[in-house]
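>>> below is the sequence, then the predicted model.
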Amino acid sequence: MAQNQSSVPASPQRFPLMALALTALLAGLWGGLLRIGWAWPVHPPLVMGHGPLMVCGFLGTLIGVERAVALDRPWPWAAPALAGLGTLVLLAGGVGWLGPLLFSLGSAVLTLIFFVPRRPLHAYSATMALGAATWLVGNLLWLAGLPLWQVALWWAMFLVFTIAGERLELSRVLRLPPLATRLFVGVVAVLLTGLAVSVVEYDLGVRLLGVGMMLLAGWLARYDIARRTVRMTGLTRYIAAALLSGYVWLAVGGALAVVVGGMPAGPLYDATLHAVFVGFVLSMIFGHAPIIFPSVLRTPLVYTPWFYAPLVLLNASLLLRIAADLGGWFEARRVGGLLNEVALLLFLGMLAWSALRGRRTRLATGAPRPQPSQS
Ligand code: HEM
């Protein structure tokens, strides 16, 4: 046992990188509150930096750390390190092209991670690789000067493909029928077509993406293992509930995209975008964190039913925000956005508390540390 543990390197570099990701998250959240209308102290780079900080600074860095921990070689750490540097540039409000350049390089390394250790690409790792590649293309378009409302579609698909790949991986035990795989490939083709079209015909591209998102939500709801595990108990049931609520929001985001079409700003843009970023992405984070964190932090988590509290608050506050977006009720929209953030911070607090309890229990019982996932 001791030998097994010592064979896994400690990767202490993950801590400063995760601290950078957390800084990007907090700064991005503050920027989100300013954007949604709270007249609180303003640091100008945070206002326009909200989207880049949330997607590239927070999630890009974190996903890079997760991949690098799994690969256990020095060079993949360049992915989160470059994204972390990009975060610092954004926060300093530095030169306009330097942030996009650093994120482009970071996402190029993340994409390479899937190809260089010459392992066979399975459906799940190919989907994650596609996610990294869409992040790269989005960052290059940003570097080339495309507006954020166009770039945001590529960023959304970075997260959607990465998450779909993780779900495929975790549902491997189900041995999907060949029809399911063919349908999945068809859905990915619709999404990629929507992305490509959006660069030249924004409105049509957004509507096509919307169709793809609804199809993907339907596919996940039908084939994901969550449909079965939601009938179990404890942590397994909580994770399934988070995932299934995420699929509903992905379908809502898709439907809004089909109906509303391409918007450069405003409440309808906010509703479409955040049904995906908050409803789908954050629900999936709430569901996946209890699986991923133990392997990245190498500390077990202790589950409590209180995990449902932030999940319920997230769903209820997003419902309020999107209803207010559609109804033009600006005060309710502001409150909904604020409560979205309270839900996320509450969840992070629960995660920290449960990791501390898990660590205490592990030390008391002498149980081994959780190992990094090798996929
Ligand atoms: C949790 C609370 C959040 C609030 C209050 C918030 C607020 C906002 C607002 C008001 C906008 C501008 C919409 C408009 O033009 O009317 C925006 C845009 C955007 N948000 Fe969020 N957001 C939140 C969460 C997130 C999350 C979790 C992500 C990504 C994971 C994200 C990514 C983006 C992106 C990419 C844009 C578009 C880029 C831009 O226009 O700057 N947001 N957000």
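Perfect, I can see it now. Numbers count the residues shown, from 1 in each chain.
>>> please identify the buried residues of stretch 166-173?
Residues of stretch 166-173 classed as buried by neighbour count (16 or more other C-beta atoms under 10 Å): 166-171. (Each C-beta comes from the backbone N, C-alpha and C, glycine too.)
>>> what sits up against it?
Applying C-beta atoms under 8 Å, 6 or more residues apart in numbering, the contact partners of stretch 166-173 are 122-125, 127-128, 184, 220, 223-225, 243, 288, 291, 375.
>>> circling back to that earlier point, among the buried residues of stretch 166-173, find the lowest-pLDDT one for me.
Lowest pLDDT among the buried residues of stretch 166-173: S171, with 79.
>>> mind pulling up the phi and psi values for Q13?
Here is the backbone geometry of Q13 (degrees, to the nearest 10): phi -60, psi -20.
>>> and it, what's its pLDDT?
Per-residue confidence (pLDDT) for Q13: 85.
>>> which ones are touching the residue nearest to it when sequence neighbours are not counted?
Spatially, and ignoring its direct neighbours in sequence, Q13 is nearest to W77 (5.9 Å; C-beta to C-beta, 6 or more residues apart in numbering). By C-beta under 8 Å, 6+ apart, W77 lies in contact with 13, 17, 64, 68.
>>> one more: G64?
Contact partners of G64, counting by C-beta under 8 Å, 6+ apart, are 17, 76-77, 79-81, 83, 106, 109-110.
>>> where neighbours are concerned, which of these has the most?
A83 (32 neighbours; other C-beta atoms under 10 Å).
>>> against V276, how distant is A21?
Distance, A21 to V276, by C-beta to C-beta, to the nearest Å: 20 Å.
>>> between those two, which has more neighbouring residues?
Higher neighbour count among A21 and V276: V276, with 26 against 23, using other C-beta under 10 Å.
>>> and the closest residue to that one other than its chain neighbours, how far is that from A316?
The shortest distance from V276 to any non-neighbouring residue, by C-beta to C-beta, 6+ apart, is to G253 (3.9 Å). According to C-beta to C-beta, G253 stands 17 Å off from A316.
>>> ok, now L176?
33 Å.
>>> could you do V342 as well?
11 Å.
>>> likewise T236?
23 Å.
>>> for G254, same thing?
In terms of C-beta to C-beta, G254 sits 21 Å off from A316.
>>> between the two, who's got more neighbours?
Neighbour count, other C-beta under 10 Å: between G254 and A316, G254 has more, with 26 against 14.
>>> so the longest helix along the chain, near the ligand or not?
Ranked by residue count and defined by DSSP state H, the top helix of the chain is helix 330-365. Yes: if you take C-beta under 6 Å from any ligand atom as the test, helix 330-365 does meet the ligand, through 337, 340-341, 344.
>>> mind giving me the packing neighbours of that helix?
Here helix 330-365 touches helix 14-35, helix 267-274, helix 283-297, helix 308-327, going by 3 or more C-beta pairs under 8 Å, 6 or more residues apart in numbering; DSSP states H and E.
>>> report the buried residues of the third one.
Think helix 283-297. Going by neighbour count (16+ other C-beta under 10 Å), the buried part of helix 283-297 is 283-290, 292-297.
>>> and F58, what does it touch?
21-22, 24-25, 28.
>>> please list the residues of the stretch 51-200 of the chain that sit near the ligand.
Proximity of the stretch 51-200 of the chain to the ligand is confined to 51, 54-55, 59, 148-149, 152, 155 under the rule C-beta under 6 Å from any ligand atom.
>>> I'd assumed V151 was in contact with L141.
Yes: assessed by C-beta atoms under 8 Å, L141 is found in contact with V151 at 5.4 Å.
>>> those two: which has the busier surroundings?
Counted by other C-beta under 10 Å, L141 and V151 do not tie: V151 has more neighbours, with 24 against 18.
>>> which helix or strand contains that one?
Assigned by DSSP states H and E, V151 falls within helix 148-170.
>>> mean confidence for the helix or strand following that helix?
Following helix 148-170 in sequence order, the next helix or strand is helix 178-200 (DSSP H and E). For helix 178-200, mean pLDDT is 96.
>>> any low-confidence regions in this protein?
For the chain, applying pLDDT under 70 flags the ranges 1-10, 95, 117-118, 371-375.
>>> how does it look with 80?
1-10, 72, 94-95, 117-121, 171-174, 295-298, 366-375 (pLDDT under 80).
>>> now do the contacts for the residue nearest to A257 when sequence neighbours are not counted.
Excluding the flanking residues, the one nearest A257 by C-beta to C-beta, 6+ apart is G210, at 2.9 Å. Residues near G210 by C-beta under 8 Å, 6+ apart: 194, 253-259, 272.
>>> just to revisit the earlier point, quick check, nearest of the buried residues of helix 283-297 to the ligand?
I285 (8.7 Å; C-beta to the nearest ligand atom).
>>> and stretch 218-228, end to end?
With C-alpha to C-alpha, to the nearest Å applied, stretch 218-228 spans 15 Å between its terminal residues.
>>> how far off centre is it?
19 Å (C-alpha atoms, centre = their mean, to the nearest Å).
>>> next, the buried residues of that stretch.
By neighbour count on 16+ other C-beta under 10 Å, the buried set for stretch 218-228 is 218-221, 223-227.
>>> before we move on, the earlier item: burial count for the residue nearest to V276?
For G253, the count of nearby residues is 29 (other C-beta under 10 Å).
>>> same question, the one 4 residues further on
The burial metric for A257, expressed as a neighbour count using other C-beta under 10 Å, is 30.
>>> now do the same contact list for it.
With C-beta under 8 Å, 6+ apart, A257 has these contacts: 206-207, 209-210, 213, 272.
>>> cutoff 10 Å now
Neighbour list for A257: 153, 156, 194, 205-214, 263, 268, 271-273, 275-276 [criterion: C-beta atoms under 10 Å, 6 or more residues apart in numbering].
>>> helix 267-274 and the helix or strand it falls within, what's the angle between them?
Element membership for A257, per DSSP H and E: helix 234-260. With axes from the mean of the first three to the mean of the last three C-alpha atoms, to 10 degrees applied, the angle from helix 234-260 to helix 267-274 works out at 140 degrees.
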